[in-house]
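S.K.: Kindly return the folded structure for what I paste below:
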Amino acid sequence: MSDQPQRCGWPGDDPIYVAYHDTEWGVPEYDSRALWEKLILDGFQAGLSWITILKRRENFRAAFEGFDPQTIAGWGEADVQRLLGDAGIIRHRGKIEAAITNAQAWIEVEAKGGFDQFMWRYVDGAPLQNRFATQADVPPKTALSEQVSKDLRKAGFKFCGPTITYAWMEACGLVNDHILTCHRHADCAAMARTMG
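M.R.: Model (predicted):
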């Protein structure tokens, strides 16, 4: 009998993935800039596995100056070229350009009351507590992620389709999608609070 705690099936045995699942995924994120960083990283994940991004996250943070939207918003073609030459990140012109556009969009949303407030209002300021029995029950997107995605695009964001948006909402704890038998389901539920 294993003394390993029960978890969601998706991290497998990869120590980096397991650590991410056990310490970050599903933990409610209330910091506006951190929410934005995770959205950008989820955009870079499009068409790839999350572990690919996770293993390069520190490289991304270095290349993108700590994900400072104020800095990134002013970047131009020279910065795009620099990033296209950086083997430590995902070198995709569209995703790099979207990160710059998304920094500009974040600044606008932040000035109008905060990106954190903008996002958490979709769940009335408190994480949705799903109660899925198996990984197969967890949807790739929902009607809510469709709406959030639509509103993000309306606000000027790119690489934020409904599936990317839902993965981001799960990662940031706007929804608790740890399956019921996972040791983190109750932990993440206990961390929930209402946005003030």
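S.K.: Check Gln4 and give its pLDDT.
M.R.: Per-residue confidence (pLDDT) for Gln4: 81.
S.K.: Can you give me the separation between it and Thr181?
M.R.: Separation of Gln4 from Thr181 (C-beta to C-beta, to the nearest Å): 13 Å. All C-beta atoms are positioned from the backbone trio N, CA, C, and that covers glycine.
S.K.: the more surrounded of these two?
M.R.: The neighbour count for Gln4 versus Thr181, taken as other C-beta atoms under 10 Å, is higher for Thr181 (13 against 9).
S.K.: Just say helix, strand or coil for the more buried one.
M.R.: State at Thr181, reduced to three classes by DSSP: H, G, I helix; E, B strand; the rest coil: coil.
S.K.: What segments of this structure are strands?
M.R.: In the chain, the strands defined using DSSP state E lie at 128-129, 175-176.
S.K.: Grab the nearest non-local neighbour of Ile90.
M.R.: Distances taken as C-beta to C-beta, 6 or more residues apart in numbering place Phe44 nearest to Ile90, at 4.9 Å, with adjacent residues excluded.
S.K.: returning to that earlier point: looking at the strands of the chain, which is nearest to Ile89?
M.R.: With C-beta to C-beta as the measure, strand 175-176 is the member of these nearest Ile89 (27.6 Å).
S.K.: residues contacting Tyr166?
M.R.: Pro139, Pro140, Lys141, Thr142, Ser145, Val175 (C-beta atoms under 8 Å, 6 or more residues apart in numbering).
S.K.: Are any of the residues you listed buried, and if so which?
M.R.: Neighbour counting by 16 or more other C-beta atoms under 10 Å classes Lys141, Thr142, Ser145, Val175 among the contacts of Tyr166 as buried.
S.K.: Tabulate these in a markdown table, adding columns for pLDDT and distance to Gly85.
M.R.: Conversion of those to a markdown table gives the following (pLDDT from 0 to 100; distance: C-beta to C-beta, whole Å):
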| residue | pLDDT | distance to Gly85 |
| --- | --- | --- |
| Lys141 | 97 | 34 |
| Thr142 | 98 | 38 |
| Ser145 | 98 | 34 |
| Val175 | 97 | 37 |
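S.K.: Which ones among these lie within helices?
M.R.: Judged by DSSP state H, helices contain the following of these: Ser145.
S.K.: who touches the longest helix anywhere in the chain?
M.R.: In the chain, assigned by DSSP H, the helix with the most residues is helix 93-111. Applying C-beta under 8 Å, 6+ apart, the contact partners of helix 93-111 are 32, 36, 39-40, 43-44, 46, 64, 69-73, 75, 79-80, 83-84, 115, 118, 152, 155-160.
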